[in-house]
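> A structural model of the following input is requested.
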Amino acid sequence: MMFRLSILTPERVVYDAEVHALVAPGAEGYLGILSQHAPIITLLGPGKIEFHDVDKKLQVMAVSKGFLEVSSNVATLLADAVERPDDIDIERARAAYKRALGWLAATRKGKTGVDLLRAQAARARAANRITIYEETH
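Model prediction:
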């Protein structure tokens, strides 16, 4: 059995079609969604989205943060950013990771003006993009 998956960002519709299964990084860990799943709304963190499309082909995408809602056999994933591995600019991701590490080092040295939570979030987003790119290339 299948269900509808819509993946949306503020800029575009990334995916909107029937799928067999979905795995997404929920607030309390990864969760699996199948057809007729109970209604749920959860926060998403940086991680990997995996789903099997209508042809049962595995699709993988990087997600930053957002929300997942499942209701009436429709899963709607709203995220700040979603990228297919081939769309990830790996050099940009590596530069963002290095920059975030610098911000974190500055906070450990007691420098003011650096937002610790923002630096940790930037590091997590960049690390996620790098991991997903490297797993698929």
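> Just the residues contacting the longest strand out of those in the chain, thanks.
As assigned by DSSP state E, the longest strand anywhere in the chain is strand 13-26. With contacts defined as C-beta atoms under 8 Å, 6 or more residues apart in numbering, strand 13-26 is touched by 1-8, 30-35, 42-54, 56, 59, 61, 63, 68, 75, 77, 82. Yep, even glycine has a C-beta here, placed from its N, CA and C like the rest.
> go again using 7 Å as the cut-off
With contact meaning C-beta atoms under 7 Å, 6 or more residues apart in numbering, strand 13-26 is reached by 2-8, 30-34, 42, 44-54, 56, 63, 68, 75, 77, 82.
> Pull out the buried residues from the residues you listed.
Listed as buried from these are 3, 5, 7-8, 31, 33, 42, 44-49, 51, 63, 68, 75, 77, 82; burial here means 16 or more other C-beta atoms under 10 Å.
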